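Asker: Give me a model of this one.
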Amino acid sequence: MEYATRIWLADRKLGFIFSFLGIIDLIAILSFFLASGLNLDLRSLRAFRLIRLIRALKLARYRRAVQRFHRALAIAREALILFFCVAGILLYMAAMGIYHFGNVVQPENFKSVSAEH
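Answerer: Next up, the predicted model:
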């Protein structure tokens with residue numbers, strides 16, 4: 001479905017179909033459907049499944065967006081560290097409060113903080 005959508009949205013449909021990455025996509029998809037749809041021994045097509053890894057290389061086109069995201073995280077680093085530290089402390093205090101008040105009502109179920117049921 002993704003492959004058909006890419007062809008449908010491509011400006012140059014034949015250009016996409018016969019491009020290197022278009023052929024890689026087609027081989028990867030066909031090897032999957034042939035192996036799963038037919039009860040044939042297609043061990044030799046398993047090598048084509050490795051070609052799917054090449055599809056991951058397409059993520060390189062988003063490199064600038066990843067760099068911008070990295071810069072934004074670097075700018076907000078101190079604020080994020082502070083947030084996670086405060087959130088961790090609040091989570092710990094909430095867990096201790098639940099234990100403290102739960103132990104009073106149901107001591108058999110709240111024997112200790114680290115006891116597993």
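Asker: Around residue 25, count how many other residues there are.
Answerer: When neighbours are defined as other CB atoms under 10 Å, residue 25 has 22 of them. (Glycine included, C-beta is placed from N, CA and C.)
Asker: Please pull out the lowest mean pLDDT helix or strand from this structure.
Answerer: Across the helices and strands of the chain, mean pLDDT, DSSP states H and E gives its lowest value to helix 46-49, namely a mean of 62.
Asker: helices and strands around the lengthiest helix in the chain, which ones?
Answerer: Determined from DSSP state H, the single longest helix within the chain is helix 77-105. Here helix 77-105 touches no other helix or strand, going by 3 or more CB pairs under 8 Å, 6 or more residues apart in numbering; DSSP states H and E.
Asker: what mean pLDDT would you report for that helix?
Answerer: Mean pLDDT, computed over helix 77-105, is 91.
Asker: From the chain's centre, how far out is that helix? Work that out for me.
Answerer: Centre-to-centre, helix 77-105 and its host chain are 28 Å apart (CA atoms, centre = their mean, to the nearest Å).
Asker: And it, what's buried?
Answerer: By neighbour count on 16 or more other CB atoms under 10 Å, the buried set for helix 77-105 is residue 99.
Asker: now do stretch 7-18
Answerer: Buried residues in stretch 7-18 (16+ other CB under 10 Å): residue 16.
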